[in-house]
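Participant: Sequence unavailable; structure follows:
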């Protein structure tokens, strides 16, 4: 069965079982390997993508549920000014250590700043809850989000 949706601004059609998680469709059928598998139960955030502009865990989302919708992955998040600002702040603050979780972290941070250009620490904590960094770079993540917000002001 095929599913059609917009991926990173381009129409795509994939032939995959409708129950296949979007994560595996992105990685295996569409070669979008920046989105990572972490836990498979939507608890760690490594698989975060944007679905119609909202951060969404792709590991538990059946590909059939994105039919006709817009999906953005880490490969295209820097195409707009918010995503570009977040990526620049990540580099400036040397956020990544191992880097495995960072695509999900960046997708969640970008989603936050698209809706709230002046987030408080509490706003950041709420938006980033569920994004696990095993290296513990949470302070740098928060600093990078504040820095990106300032650059967008």
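Facilitator: It's in. Values in this document were obtained by computation on a predicted structure and should not be read as measured data. Numbers count the residues shown, from 1 in each chain.

Participant: which secondary structure element contains the spatially most central residue of the chain?
Facilitator: The centroid of the chain falls nearest to residue 107 when counting by CA atoms, centre = their mean (2.7 Å). Residue 107 belongs to helix 102-115 when assigned by DSSP states H and E.

Participant: just the helices in the chain please.
Facilitator: 22-24, 30, 81-92, 102-115, 121-128, 138-152 (DSSP state H).

Participant: residues of the longest one that come out buried?
Facilitator: Spelled out, it's helix 138-152. Neighbour-count burial for helix 138-152 flags 138, 140-149, 151-152 (criterion: 16 or more other CB atoms under 10 Å). All C-beta spots, glycine's among them, are computed from the backbone N, C-alpha and C.

Participant: For stretch 90-102, buried residues please.
Facilitator: For stretch 90-102, the buried set under the neighbour-count rule, 16+ other CB under 10 Å, comprises 90, 93, 95-96, 100-102.

Participant: Out of those residues, flag the one nearest to residue 15.
Facilitator: Among these, residue 100 lies closest to residue 15 (CB to CB), at 29.3 Å.

Participant: Does that closest one touch residue 44 like I think?
Facilitator: No - the criterion here is CB atoms under 8 Å, and residue 100 misses it with residue 44 at 9.7 Å.

Participant: what is in contact with those two at once?
Facilitator: Shared contacts of residue 100 and residue 44 (CB atoms under 8 Å, 6 or more residues apart in numbering): residue 38.

Participant: Quick one: residues contacting residue 107.
Facilitator: If you count contacts by CB under 8 Å, 6+ apart, then residue 107 has 48-50, 55, 72-74, 77 around it.

Participant: again, 6 Å this time
Facilitator: With contact set as CB atoms under 6 Å, 6 or more residues apart in numbering, residue 107 has these partners: 48, 55.

Participant: Show me the chain divided up by domain.
Facilitator: Per the record, the chain has its domains at 2-72, 77-152, by automatic domain parsing.
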